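Peer 1: I need the structure of the sequence given here:
(2 chains)
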Amino acid sequence: MKRLIRLEWTKISSYGFFRVILILTLSLFLLVIFVFSRIDISIPGFTWRNLFRFPDVWSSFSWVASWFNLLLGILVITIAGNEFTGKTLRQQVMTGLSREEWLAGKGLLILGLALFGVLMVTLAGFTFGFIFTNDLNLGIIFEKMPILIVYLMQAIGYMMLGLLFISVLRSNALAIILYLLYFIMIEPIIRGLCPVEIRPWFPVKIISHLTPLPEFFKITSGEALDNNYLSFESIGLVPRQLEGSITIIMALVYISVFSLITYLVVKKRDL
Amino acid sequence: MILETKQLSKKYGPIKAVDDLSLSVEKGTAFALLGPNGSGKTTTLGMVMSALKPDRGSFKWFGEEPHPETYKRIGSLIEIPNFFNYLSLKRNLEVIARIRGTEASDIQRVLDETGLLKRSSSRFDTLSLGMKQRLALAAALLGHPEVLVLDEPANGLDPEGIAEVRNLIIEQKNQGKTIIMASHILDEVEKVCNHVAILKKGRKLASGKVNELLVTDDIIVIDSNNNESLKKGLVEKGLVKSAELKDNTLEIIPASGVSSGHINSFANEKGIVINQLYIRKSTLEEQFLELVK
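Peer 2: Next up is the predicted model:
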């Protein structure tokens, strides 16, 4: 594994687009949360800054970070795509790297990028949480932190789907366009044409719902309305969602399916 | 046996790129796959290097079914040099070295051997085709592989570069390495290789030792007052293997045991006056073209 990590790092560390996307992701994420943190609306029953306080800062920031998962997906498409189109994958296989090892390397790359996202959210979460939270205690700091694991899984899901697209299409431009269209248009249209009961089970729906839109009214209204808040779902702002645990299981199933198809495609096809 | 293929076949749509190809390459030989463009040389090498999946047939390296570790014993250059455009030469070789488990110090050696040491920090995409080809050779030589698989290794090189690369390959051959080389340049094959398989449209036409297969015949060049009649007579009498009119001369390859004296006597009998008659060796190119005709 160490060998594969070193190999991947040798390949990507000097890649300009890799650095640009990481810096862009970090900058945009920090910009968004910084701008939002400047908003200070506090009226009875509505405190905007609760979104930046422990423990809700974890779900708020994971949700904001999830906006940039598509950028990480595009990065994976580009990195893997360069190896298909430039035939460097072919050269590596002829040098003694198995196709499985190449895929494992890409898996490690995806894990590394997802961990980068988690680190970004963690550092920002601690920073803003400590600044904005008044009554600090250990319990409140770590209470909702496990959502970071779910965010990790979501980022992996986005990138695995990107790897699948590029493995099948083998053209960076085509894969990026179809990847974005799939998220923005294709799946939403297909979902719209399907019966309501089936709609929540689509892959993008499942994976994007891993870090759902924070229960804005619940968080901003504070403890007083804790058991009687208006959820987005109840007022029809978002469609019906699956339960959290089912969403996580289904996301794992989809990630496994993406990985399996990618493996079969890379294994069977000429390089 | 270093490499053995059995009935290797590969199709691209309706086109048979490689058709039922069986080859054997023994240890220490310099083996050439010779054939015109589109004869299946690159596809064959792609299959034995596991980059392409054969439709049918099998192959063995070192007497075993191939596995990734096998390829760490083989240095290869197939088609065009494939490297990361944005990486320096040194970094690109580091990628190869990490896969092969080679010491980083070996990178300096191969850069030096291929004359690229001064350009080691340059990005791959800033190199000329010749330099890229040299880098591909450097990558193939990394880690002292037992076998070199080279597809048109002189591609894109200037005459000086061709000579250097040829010497480099001959040096590797002299060190006891097995060379498997695809080429359509006869001169290259003749100078480097001792065994050859001639391919056409994916099929093996012939194989054997270079000096036996591409043996040079004597060609008798005749200038007479009636070349056409002389040609006809020689063919009818069975005195020639082949006869061809070229400009104002008649070029013949005499049948076995037939000398220029016999031809002269035959012309005299027919009343044909020979103005000039000389013997030249047929070129390898002529032999090759005859085989793939």
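Peer 1: where does the chain have low pLDDT?
Peer 2: In the absence of a named chain, chain A is used. Within chain A, the segments meeting pLDDT under 70 span A:43-46, A:215-242.
Peer 1: try again with chain B
Peer 2: B:214-217, B:282-287, B:291-293.
Peer 1: who's in contact with the residue positioned nearest the centre of chain B?
Peer 2: The centre of chain B sits closest to B:S183, judged by CA atoms, centre = their mean, with a distance of 3.3 Å. Contact analysis of B:S183 by CB atoms under 8 Å, 6 or more residues apart in numbering or on different chains lists B:32-34, B:41, B:152-154, B:189. In this view, the C-beta of every residue, glycine as well, is placed from N, C-alpha and C.
Peer 1: what's the closest non-adjacent residue to it?
Peer 2: The shortest distance from B:S183 to any non-neighbouring residue, by CB to CB, 6 or more residues apart in numbering or on different chains, is to B:V189 (5.3 Å).
Peer 1: Neighbours of that neighbour, how many?
Peer 2: By the measure other CB atoms under 10 Å in any protein chain shown, the count of residues near B:V189 is 25.
Peer 1: Kindly report the same for B:G161.
Peer 2: By the criterion of other CB under 10 Å, B:G161 has 18 neighbours.
Peer 1: same deal with B:V149?
Peer 2: Neighbourhood size, B:V149 [other CB under 10 Å]: 26.
Peer 1: isn't it right up against B:Y71?
Peer 2: No - counting by CB atoms under 8 Å, B:V149 does not reach B:Y71; the two are 9.5 Å apart.
Peer 1: Need the overlap of contacts for these two.
Peer 2: Contacts common to B:V149 and B:Y71, judged by CB under 8 Å, 6+ apart, are B:M49.
Peer 1: quick one: B:F59 is in a strand?
Peer 2: Yes - looking at B:F59 with DSSP: H, G, I helix; E, B strand; the rest coil, it is inside a strand.
Peer 1: Identify the residue spatially nearest to A:R49, adjacent ones excluded.
Peer 2: Nearest residue to A:R49 in three dimensions, chain neighbours excluded: A:F132, at 5.4 Å (CB to CB, 6+ apart).
Peer 1: and the gap between the one you found and A:F126?
Peer 2: Using CB to CB, to the nearest Å, A:F132 is found at 11 Å from A:F126.
Peer 1: thinking again about what came up before, what helix or strand is the residue nearest to B:S183 on?
Peer 2: B:V189 is part of helix B:186-192 when elements are defined by DSSP states H and E.
Peer 1: Could you report the separation of the residue nearest to B:S183 from B:I74?
Peer 2: Distance, B:V189 to B:I74, by CB to CB: 20 Å.
Peer 1: Which strands and helices lie in contact with the helix or strand harbouring B:L168?
Peer 2: Element membership for B:L168 (DSSP H and E) is helix B:159-174. Packing partners of helix B:159-174 (3 or more CB pairs under 8 Å, 6 or more residues apart in numbering or on different chains; DSSP states H and E): helix B:129-141, strand B:147-151, strand B:178-183, helix B:186-192.
Peer 1: now these as JSON lines including distance to A:L103?
Peer 2: Shown next, in JSON lines, are these (distance: least, CB to CB, whole Å):
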{"stretch": "helix B:129-141", "distance to A:L103": "22"}
{"stretch": "strand B:147-151", "distance to A:L103": "24"}
{"stretch": "strand B:178-183", "distance to A:L103": "29"}
{"stretch": "helix B:186-192", "distance to A:L103": "37"}
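Peer 1: show me what contacts the residue nearest to A:R49?
Peer 2: When the contact criterion is CB under 8 Å, 6+ apart, the partners of A:F132 are A:37, A:49, A:52-53, A:57.
Peer 1: Of those, which is the most crowded?
Peer 2: Neighbour max across the contacts of A:F132 (other CB under 10 Å) = A:V57, 29 neighbours.
Peer 1: SS state for that one?
Peer 2: Going by three-state DSSP, the secondary structure assigned to A:V57 is helix.
Peer 1: Not counting sequence-adjacent ones, nearest residue to it?
Peer 2: Of all residues not flanking A:V57 in the chain, A:G129 sits nearest, at 4.5 Å (CB to CB, 6+ apart).
Peer 1: Identify the residues contacting the one you found.
Peer 2: Applying CB under 8 Å, 6+ apart to A:G129 gives the contacts A:52-54, A:57, A:141.
Peer 1: Tell me the one among the residues you listed nearest to chain B.
Peer 2: Chain B has its nearest neighbour among the contacts of A:G129 in A:V57, at 37.9 Å by CB to the nearest CB.
Peer 1: Correct me if wrong: that closest one contacts A:F128.
Peer 2: Yes - counting by CB under 8 Å, A:F128 is a contact partner of A:V57 at 5.8 Å.
Peer 1: where do the contact lists of those two overlap?
Peer 2: Between them, A:V57 and A:F128 share no contacting residue, judged by CB under 8 Å, 6+ apart.
Peer 1: what residues does chain A put near chain B?
Peer 2: Counting by CB under 8 Å from any CB of the partner chain, the positions of chain A adjacent to chain B are A:3, A:6-7, A:10-11, A:14-16, A:82, A:86-88, A:90-98, A:101, A:268-271.
Peer 1: give the contact list for the residue in the stretch 101-250 of chain A that chain B sits nearest to.
Peer 2: Closest residue of the stretch 101-250 of chain A to chain B, CB to the nearest CB: A:E101 (7.2 Å). Taking CB under 8 Å, 6+ apart as the criterion, A:E101 is in contact with A:4, B:68.
Peer 1: same thing but at 7 Å, please
Peer 2: The contact partners of A:E101, taken as CB atoms under 7 Å, 6 or more residues apart in numbering or on different chains, are A:L4.
Peer 1: now B:P153: how far from B:K232?
Peer 2: B:P153 sits at a distance of 46 Å from B:K232 (criterion: CB to CB).
Peer 1: Compare these two (neighbour count), which wins?
Peer 2: More crowded of B:P153 and B:K232, by other CB under 10 Å: B:P153, with 27 against 13.
Peer 1: Can you read off the backbone torsions of that one?
Peer 2: When read as degrees, to the nearest 10, the backbone of B:P153 gives phi -70, psi -20.
Peer 1: you'd agree it is up against B:V165?
Peer 2: Yes - here B:P153 lies in contact with B:V165, judged by CB atoms under 7 Å, at a distance of 5.6 Å.
Peer 1: Those residues of chain B touching chain A, which are they?
Peer 2: Residues of chain B lying close to chain A by CB under 7 Å from any CB of the partner chain are B:49-53, B:68-69, B:71-72, B:76, B:78, B:82-87, B:91, B:94-96, B:98-100.
Peer 1: Repeat the analysis, applying 6 Å as the threshold.
Peer 2: By the rule CB under 6 Å from any CB of the partner chain, the part of chain B lying against chain A is B:49-53, B:68, B:71-72, B:76, B:82, B:84, B:86-87, B:94-96, B:98-100.
Peer 1: Okay, and which of these map to strands?
Peer 2: Using DSSP state E, the members of the residues of chain B next to chain A that fall in strands are B:S76.
Peer 1: Which elements pack onto the helix holding B:V189?
Peer 2: Counting by 3 or more CB pairs under 6 Å, 6 or more residues apart in numbering or on different chains; DSSP states H and E, the packing neighbours recorded for helix B:186-192 are strand B:30-34, helix B:284-292.
Peer 1: can I get the CA coordinates of the next helix or strand after that helix in CSV?
Peer 2: Per DSSP H and E, helix B:186-192 leads on to strand B:195-200 as the next helix or strand towards the C-terminus. The C-alpha coordinates for strand B:195-200 follow below in CSV (Å, rounded to 0.1, in the frame of the first residue of the first chain):
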residue,chain,number,x,y,z
HIS,B,195,16.2,-14.2,-35.8
VAL,B,196,13.2,-12.9,-37.7
ALA,B,197,9.5,-13.6,-38.2
ILE,B,198,8.0,-12.0,-41.3
LEU,B,199,4.4,-10.9,-40.9
LYS,B,200,1.8,-9.8,-43.4
